[in-house]
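Peer 1: Predicted model follows, preceded by the sequence.
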Amino acid sequence: MPAARAATAMPVAPVLPLRPRAAPSAPPTDAELLARCRRRDADAWRMLVDRYERLVYTVALRNGLAAEDAADVTQNTFVTLLDSLERIRDEERLASWLMTVARRQSWRVRTLSRRTVDLDQVAEQSEDPLADWDTVTALHDALATLGGHCRELLQALYLDAEEPSYAEIAARMGRSVGGIGPMRGRCLAKLRGILEDVR
């Protein structure tokens with residue numbers, strides 16, 4: 001009986017050493033992001049806004065503001081942060097700093113809103129030009145007295161039939177979107193003063 005053939009050995013692939021998986025990198029700290037923002041790193045700024053935008057907006061809402069005013073406060077809070085990058089020293093307390101700024105901004109908006117004229121209501125009442133002629137005339141005269149950028153802004157916000165957005169108004173006036181909210185508050189306060197003086 002012929003001798004059994006030796007089994008042919010199958011080639012074995014060399015065993016490669018397994019590489020250890022890289023540990024997931026930790027997200028950058030606030031201090032690191034602020035340092036990068038000071039170097040004009042746009043990605044770091046976006047990360048910082050993404051991290052704290054909801055917190056700031058919630059602070060504004062909890063301080064009694066409507067959604068639109070809360071959005072203004074959120075925007076203005078981050079504008080303040082941008083202006084203060086070089087002055088912030090305690091980077092690890094950034095969340096507290098932002099909450100404090102948001103509360104102060106909210107307080108200013110609430111204070112101004114208590115003293116402002118309800119232009120939406122005036123605009124609705126003026127659909128019939130003879131319905132409340134004295135009020136419409138007083139408002140028209142006050143806006144004329146106000147003049148300048150304030151008159152342009154208030155007419156765009158409250159009396160423009162096309163109802164332009166903040167972004168459209170900012171582009172039209174050559175200003176930043178973040179500056180429209182505070183400017184609106186100042187202009188309404190001035191208009192209120194003019195209307196009270198003529199009573």
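Peer 2: Received, thanks.

Peer 1: Going by C-alpha atoms from here, please, whenever you check contacts or count neighbours.
Peer 2: Fine.

Peer 1: Leu65: neighbour count?
Peer 2: As a burial measure, Leu65 scores 21 neighbours (other Cα atoms under 10 Å).

Peer 1: check contacts around the most centrally placed residue in the chain.
Peer 2: Central residue of the chain (Cα atoms, centre = their mean): Gln75, 2.1 Å from the mean position. Going by Cα atoms under 8 Å, 6 or more residues apart in numbering, Gln75 touches Gly178.

Peer 1: in the host helix or strand of it, what's buried?
Peer 2: Element membership of Gln75, judged by DSSP states H and E, is helix 67-83. Within helix 67-83, the residues that count as buried by 16 or more other Cα atoms under 10 Å are Asp69, Ala70, Ala71, Asp72, Val73, Thr74, Gln75, Asn76, Thr77, Phe78, Leu81.

Peer 1: Give me the pLDDT for the last one.
Peer 2: Looking at Leu81, its pLDDT stands at 91.

Peer 1: list the contacts for it?
Peer 2: By Cα under 8 Å, 6+ apart, the residues touching Leu81 are Leu98.

Peer 1: Can you name the residues that contact Ala31?
Peer 2: Ala31 touches Glu91, Glu92, counting by Cα under 8 Å, 6+ apart.

Peer 1: buried stuff in the one helix or strand it maps to?
Peer 2: Using DSSP H and E, Ala31 sits in helix 30-38. In terms of neighbour count (16+ other Cα under 10 Å), helix 30-38 has its buried residues at Asp30, Ala31, Leu33, Leu34, Ala35, Cys37.

Peer 1: can you give me how far that helix is from the chain middle?
Peer 2: How far helix 30-38 lies from its chain's middle: 19 Å, per Cα atoms, centre = their mean, to the nearest Å.
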